[in-house]
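Q: Following is a predicted model, sequence given first.
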Amino acid sequence: WNQFKNLAFAGLFLFGIGNGLVTWALQYVDSGITALVISLEPLVVALMLWYFKKQKPQINTWLGIALGIFGMALLVGQPRFVSSWEWIIGFSFIFIAMLAWGYISIWIASADLPKSVFQSASVQMILGGLMLLTSSFGMQEAQNFDWSTLTTRAIGSWIYLMIFGSILAFSAFNFLLLKVTPTRVVASSYVHPVIAMALGYWLNKEGISIQSLLAAGILLTGVIFINRDKPHA
């Protein structure tokens with residue numbers, strides 16, 4: 001029962017608050033700005049580790065975070081900020097989501113959870129998904145969903161995300177949080193845009209500029225610096 005409560009707590013913070021608030025905020029906040037804000041996640045985790053665990057970030061971590069933020073800013077360019085209350089609320093929700101992800105990334109390593117990584121990840125996703133589904137009914141989203149608009153490509157994309165984005169990726173996320181420092185795990189936020197850029201070029205024939213290649217190099221260099229830190233005792 002204690003493990004179940006801990007899994008529900010993790011599901012609430014990671015999916016109910018984390019994924020839910022970011023998804024909602026994307027209605028009002030440009031995706032480029034969202035990517036730039038989320039690139040601050042390693043910094044948030046490093047500061048939380050310093051505050052909660054008294055683990056002062058090492059010089060490599062600071063260098064890696066700085067390179068990651070600079071590379072992300074270079075990659076998304078100079079997005080246009082929207083001066084509206086909706087934008088401000090959306091931006092605030094993204095920051096709250098980052099705090100939720102950061103806190104759970106630190107908390108989960110010492111929490112009483114099932115030994116099976118797959119069991120732990122699956123229950124977190126199920127409970128978090130039920131929380132989001134309940135929210136969608138409360139906001140009248142589920143009732144107004146138009147099933148006739150579903151296409152074969154949309155269903156295929158959903159299946160792909162369910163297998164690779166959820167089952168495999170989130171299980172790997174849980175496994176890594178038990179094996180390495182949370183800062184190293186969330187450093188993956190610097191790798192995502194590079195992979196997206198490569199897939200865009202491969203699948204959608206999207207062009208890759210010199211600026212994009214430079215940004216990708218800076219992002220990956222930031223990840224290397226973060227992973228050069230020695231674990232705290």
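A: Alright, I've got the coordinates. Keep in mind that what you see is a predicted model, and the values were worked out from it rather than measured. Residues are numbered from 1 along each chain as shown.

Q: List the contacts of the most centrally placed residue in the chain.
A: Residue closest to the average C-alpha location in the chain (CA atoms, centre = their mean): residue 189, at 6.4 Å. When contacts are counted by CB atoms under 8 Å, 6 or more residues apart in numbering, residue 189 is found next to 38, 39, 41, 42, 68. C-beta: built from backbone N, CA, C; applies to glycine.

Q: check contacts around the second one.
A: Neighbour list for residue 39: 68, 69, 72, 73, 189, 190 [criterion: CB under 8 Å, 6+ apart].

Q: again, but for the first one
A: Taking CB under 8 Å, 6+ apart as the definition of contact, the neighbours of residue 38 are 22, 94, 98, 189.

Q: follow-up on the earlier one: just the contacts of residue 189 now: which is nearest residue 140?
A: Checking the contacts of residue 189 against residue 140 with CB to CB, the nearest one is residue 38 at 28.0 Å.

Q: Start from the N-terminal end of this protein and give the helices.
A: Remark: helices of the chain, listed N- to C-terminal, are 2-11, 20-25, 31-38, 41-52, 59-76, 85-107, 117-138, 152-160, 169-179, 182-186, 192-203, 210-227; assignment by DSSP state H.

Q: Quick check: which of these is buried the most?
A: Neighbour counts (mean count of other CB atoms under 10 Å) averaged over each of these peak at helix 182-186, with a mean of 24.

Q: Against which helices or strands is that helix packed?
A: Packed against helix 182-186 by the contact rule (3 or more CB pairs under 8 Å, 6 or more residues apart in numbering; DSSP states H and E) you find helix 41-52, helix 85-107, helix 169-179, helix 210-227.

Q: excluding its backbone neighbours, what's nearest the residue nearest to the centre of the chain?
A: residue 41 (5.0 Å; CB to CB, 6 or more residues apart in numbering).

Q: closest to residue 64 out of the helices and strands packed on helix 182-186?
A: Across those, the minimum distance to residue 64, taken as CB to CB, is reached by helix 210-227, at 3.3 Å.

Q: elements contacting the closest one?
A: Secondary-structure packing of helix 210-227 (3+ CB pairs under 8 Å, 6+ apart): helix 59-76, helix 182-186, helix 192-203.

Q: what residues are up against residue 109?
A: With CB under 8 Å, 6+ apart as the criterion, the residues that contact residue 109 are 177, 178, 182.

Q: ok, 6 Å please
A: With contacts defined as CB atoms under 6 Å, 6 or more residues apart in numbering, residue 109 is in contact with residue 177.

Q: now do residue 69
A: Neighbour list for residue 69: residue 39 [criterion: CB under 6 Å, 6+ apart].

Q: Show the pLDDT at it.
A: According to the model's per-residue confidence, residue 69 sits at a pLDDT of 82.

Q: Least confident secondary structure element in this protein?
A: Taking all helices and strands of the chain together, the one with the lowest average confidence (mean pLDDT, DSSP states H and E) is helix 31-38, at a mean of 71.

Q: Can you tell me which of the helices and strands packed on helix 182-186 is nearest to residue 145?
A: Sorting the helices and strands packed on helix 182-186 by CB to CB, the top spot, which is the nearest, belongs to helix 85-107 at 22.0 Å.
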